[in-house]
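Q: Here is my input; please provide its structure:
(chains A and B)
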There are 2 protein chains.
Amino acid sequence: MKSDLPIGIFDSGVGGLTVYRALHERLPDERFIYLGDTARVPYGTKSLATVERYAIENARFLEARGIKLLVVACNTASALALPAIRGAVGVPSVGMIETGAGAAVRESEGKRIGVIATESTVRSGAYAHAIAKLAPDAKVSERACPLFVALAEEGWAESEVARLVAEEYLRELREADIDTLVLGCTHYPILRRVIQETVGDGVRLIDSGDAAAESVAALLEESGLRRRSFGTATGQLLRERARAGRLCDDLDHFYVTDAAERFARVAERFLGSAPRVLEAVEVWGHDELHTGK
Amino acid sequence: MKSDLPIGIFDSGVGGLTVYRALHERLPDERFIYLGDTARVPYGTKSLATVERYAIENARFLEARGIKLLVVACNTASALALPAIRGAVGVPSVGMIETGAGAAVRESEGKRIGVIATESTVRSGAYAHAIAKLAPDAKVSERACPLFVALAEEGWAESEVARLVAEEYLRELREADIDTLVLGCTHYPILRRVIQETVGDGVRLIDSGDAAAESVAALLEESGLRRRSFGTATGQLLRERARAGRLCDDLDHFYVTDAAERFARVAERFLGSAPRVLEAVEVWGHDELHTGK
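A: Numbering: from 1, shown residues only, chains lettered A, B, ... in the order given. Just a heads-up that it's a prediction; the model follows:
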């Protein structure tokens, strides 16, 4: 049955695991296939054309494995490449931007919304555009925070360095008196505590992974793609793990395009447990020298 | 004449510009072609197989453009892929590791040598191995410093954050009482001042770019590849720019595999001037879906 197929998730690397966790918590009965494009991470400093190309390769790889729905967990890929992805694969695709923007507009009382994201996401203006479509009077302030990614991966989320970096990055947003802040990069929820302390308790943080999980749940319900067959052996296992709240077990498959060992290490830092089924794959074409343009 | 050909330099991104500067200062009469693989940067968290593949593509791209010598400015590519590069191209290749290790052994009195580099370079043990070959009794302490790259690119080299990060990364090396420290990643010379202050004036810093420039100069001399034809129009221009100490002018060509605008911006931060001739190219093959292994 199509509804028994897993949900595909791709990210430029390990950051999308925060989205996997959010999906897993919201949809404990579903199975997931995760692809981290660790050979080409990060996307956040790359161009539109390159991010589109990588994103399409990732989406097709997951589609070829049999999925019922695709979650583009990478904010940069969502901001730059969602139309291209939708043109390239047949399954419905959910990105981070519209769902994150929607949640921000719903939560923000004063419509003074901050967005922190990668350089490429900020430069694309995708969040500002999506927010303006929903709330034309909203005031949006954006800031790229590239060091947050390295801090999260290094395991320094609670360090004095993280506090100082957050102070520096978030100063302008505080001065803009925002009441809501979108964590517009999958790594940033790892630094959630430091970010919240820096902007103050009065500012509501929007985790775009949580928002996307809500959106995916609704879409599955509407389209009749929610998993229903619990009589099967897999169904029983899913019920069990939902009760136990287990992440990263045999039922979910993880692929990376490079450096699986490092992925597992950082995954453990992010989720508390490393993937049980983790495989290194290639998602791109053959390598030939291309010296001309 | 073959000696009139430019010297090729490649790096995973913008960091190799510190090596370009060192080469330029040491060999002001030479022309350079620089390739920054900005579509696939960074290499420092990637695997041996992937770094080899990228490095060979870069080396072949430069060789096809006509160079007399190749400088592998990226420490990670030097550590992991120099034998593969030498097998793939016909021109002589100079990497960062042996030259950096050689300089460290020469400069270190107590043979207590520290090495800071990317995760992949440290994990490869290439510096420790190269130092042990030259000085079997040397004590080598290594440390990966991933945040230094982001700090350098962000323009935060002189910040309180940089000081705090350096304090954290370099603590063990200080405790190991090193007398010499190899800056084993092209980005680190940008943070030279903070690093020196943190380890103290008693520790000699080895910039592997400077060491490589010496090695390249010697190799050109020995092999008769040093540029000699100054009667030509280009020769005159080279003499002029050597006198003026200009970097990044029309005589040197810069290629990037992505995001040329960002490269130019960071180049200006690193060198004080942005490349005059900067072109985005592809160095890899055609893109076809590859779903199997």
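Q: For the stretch 101-250 of chain A, which segments count as helices?
A: Taking DSSP state H, counting those that start in this stretch, the helices of the stretch 101-250 of chain A run over residues A:119-124, A:126-134, A:147-154, A:160-175, A:192-199, A:208-222, A:233-244.
Q: With mean neighbour count, mean pLDDT and distance to chain B added, can I get the ones you listed in JSON lines?
A: C-beta: built from backbone N, CA, C; applies to glycine. Below are these laid out as JSON lines (neighbours: other C-beta atoms under 10 Å in any protein chain shown; pLDDT from 0 to 100; distance: least, C-beta to the nearest C-beta, whole Å):
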{"stretch": "helix A:119-124", "mean neighbour count": "22", "mean pLDDT": "96", "distance to chain B": "7"}
{"stretch": "helix A:126-134", "mean neighbour count": "20", "mean pLDDT": "98", "distance to chain B": "17"}
{"stretch": "helix A:147-154", "mean neighbour count": "24", "mean pLDDT": "94", "distance to chain B": "5"}
{"stretch": "helix A:160-175", "mean neighbour count": "18", "mean pLDDT": "97", "distance to chain B": "5"}
{"stretch": "helix A:192-199", "mean neighbour count": "18", "mean pLDDT": "98", "distance to chain B": "13"}
{"stretch": "helix A:208-222", "mean neighbour count": "20", "mean pLDDT": "96", "distance to chain B": "22"}
{"stretch": "helix A:233-244", "mean neighbour count": "14", "mean pLDDT": "88", "distance to chain B": "23"}
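Q: ok now the lowest-mean-pLDDT helix or strand in chain A, how far from the chain's centre?
A: When the helices and strands of chain A are scored by mean pLDDT, DSSP states H and E, helix A:233-244 comes last with a mean of 88. Relative to its chain's centre, helix A:233-244 lies at 25 Å (C-alpha atoms, centre = their mean, to the nearest Å).
Q: neighbouring contacts of it?
A: Here helix A:233-244 makes contact (C-beta atoms under 8 Å, 6 or more residues apart in numbering or on different chains) with A:4, A:28-31, A:227, A:229-230, A:249, A:251.
Q: which ones are touching the residue lying closest to residue A:200 once chain neighbours are set aside?
A: For residue A:200, ignoring the flanking residues on the chain, the nearest one in space by C-beta to C-beta, 6 or more residues apart in numbering or on different chains is residue A:174 at 7.5 Å. Going by C-beta under 8 Å, 6+ apart, residue A:174 touches A:198-200.
Q: give me every residue that touches residue A:36.
A: Listed by C-beta under 8 Å, 6+ apart, the contact set of residue A:36 reads A:10-14, A:16-17, A:254-257, A:263.
Q: Out of those, name the ones that lie in strands.
A: Members of those lying in strands (criterion: DSSP state E): A:10-11, A:254-256.
Q: can you redo those residues as TSV with distance to residue A:41?
A: Shown next, in TSV, are the ones in strands among the contacts of residue A:36 (distance: C-beta to C-beta, whole Å):
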residue	distance to residue A:41
A:10	11
A:11	8
A:254	15
A:255	14
A:256	10
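Q: These: which ones sit near chain B?
A: By C-beta under 8 Å from any C-beta of the partner chain, no member of the ones in strands among the contacts of residue A:36 lies near chain B.
Q: Neighbour-wise, give me the winner out of those.
A: Neighbours here mean other C-beta atoms under 10 Å in any protein chain shown. Within these, the largest count is held by residue A:11, at 29 neighbours.
Q: Surely that one is in contact with residue A:71?
A: No: contact criterion C-beta atoms under 8 Å: residue A:11 and residue A:71 do not qualify, at 9.2 Å.
Q: what is in contact with those two at once?
A: Common contact partners of residue A:11 and residue A:71 (C-beta under 8 Å, 6+ apart): residue A:19.
Q: Rebuild the contacts of residue A:174 as a markdown table, extending it with distance to residue B:108.
A: Below are the contacts of residue A:174 laid out as a markdown table (distance: C-beta to C-beta, whole Å):
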| residue | distance to residue B:108 |
| --- | --- |
| A:198 | 43 |
| A:199 | 47 |
| A:200 | 50 |
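Q: Closest one of these to residue A:89?
A: Distance to residue A:89 across those (C-beta to C-beta) is lowest for residue A:199, with 37.0 Å.
Q: how near is that closest one to residue A:178?
A: To residue A:178, residue A:199 is 7 Å away according to C-beta to C-beta, to the nearest Å.
Q: Name the residues contacting each of these two.
A: Listed as contacting both residue A:199 and residue A:178 by C-beta under 8 Å, 6+ apart are residue A:114.
Q: quick one: contacts for residue A:246?
A: Contacts of residue A:246 (C-beta under 8 Å, 6+ apart): residue A:273.
Q: Over to it: give its phi and psi.
A: Per-residue torsions, residue A:246: phi -80, psi 140 (degrees, to the nearest 10).
Q: Leaving out the residues flanking it, which one is nearest to residue A:140?
A: Leaving aside its chain neighbours, residue A:140 sits nearest to residue A:128 (4.5 Å; criterion: C-beta to C-beta, 6+ apart).
Q: which residues does the one you found contact?
A: A:115, A:140, A:142.
Q: If the second one is in a bridge, with which residues?
A: Put plainly, it is residue A:140. residue A:113 (DSSP bridges).
Q: doesn't residue A:113 make contact with it?
A: Yes: the pair formed by residue A:140 and residue A:113 meets the contact definition of C-beta under 8 Å, at 5.2 Å.
Q: which residues sit in contact with the residue nearest the centre of chain A?
A: Nearest to the mean C-alpha position of chain A, by C-alpha atoms, centre = their mean, lies residue A:73 at 2.7 Å. Residues near residue A:73 by C-beta under 8 Å, 6+ apart: A:9-11, A:15-16, A:19-20, A:96, A:186, A:209, A:212.
Q: nearest to residue A:267, of the helices of the stretch 101-250 of chain A?
A: Residue A:267 lies closest to helix A:147-154 among the helices of the stretch 101-250 of chain A, at 10.7 Å (C-beta to C-beta).
Q: tell me the angle the closest one makes with helix B:147-154.
A: If you take axes from the mean of the first three to the mean of the last three C-alpha atoms, to 10 degrees, helix A:147-154 sits at 170 degrees to helix B:147-154.
Q: Around residue A:104, how many other residues sit close by?
A: Residues near residue A:104, counting by other C-beta under 10 Å, number 31.
Q: And it, what's its pLDDT?
A: For residue A:104, the pLDDT comes out at 98.
Q: circling back to that earlier point, okay if I get the contacts of residue A:36 as JSON lines plus pLDDT?
A: As requested, the contacts of residue A:36 are exported to JSON lines (pLDDT from 0 to 100):
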{"residue": "A:10", "pLDDT": "98"}
{"residue": "A:11", "pLDDT": "97"}
{"residue": "A:12", "pLDDT": "96"}
{"residue": "A:13", "pLDDT": "95"}
{"residue": "A:14", "pLDDT": "95"}
{"residue": "A:16", "pLDDT": "97"}
{"residue": "A:17", "pLDDT": "96"}
{"residue": "A:254", "pLDDT": "98"}
{"residue": "A:255", "pLDDT": "98"}
{"residue": "A:256", "pLDDT": "97"}
{"residue": "A:257", "pLDDT": "96"}
{"residue": "A:263", "pLDDT": "96"}
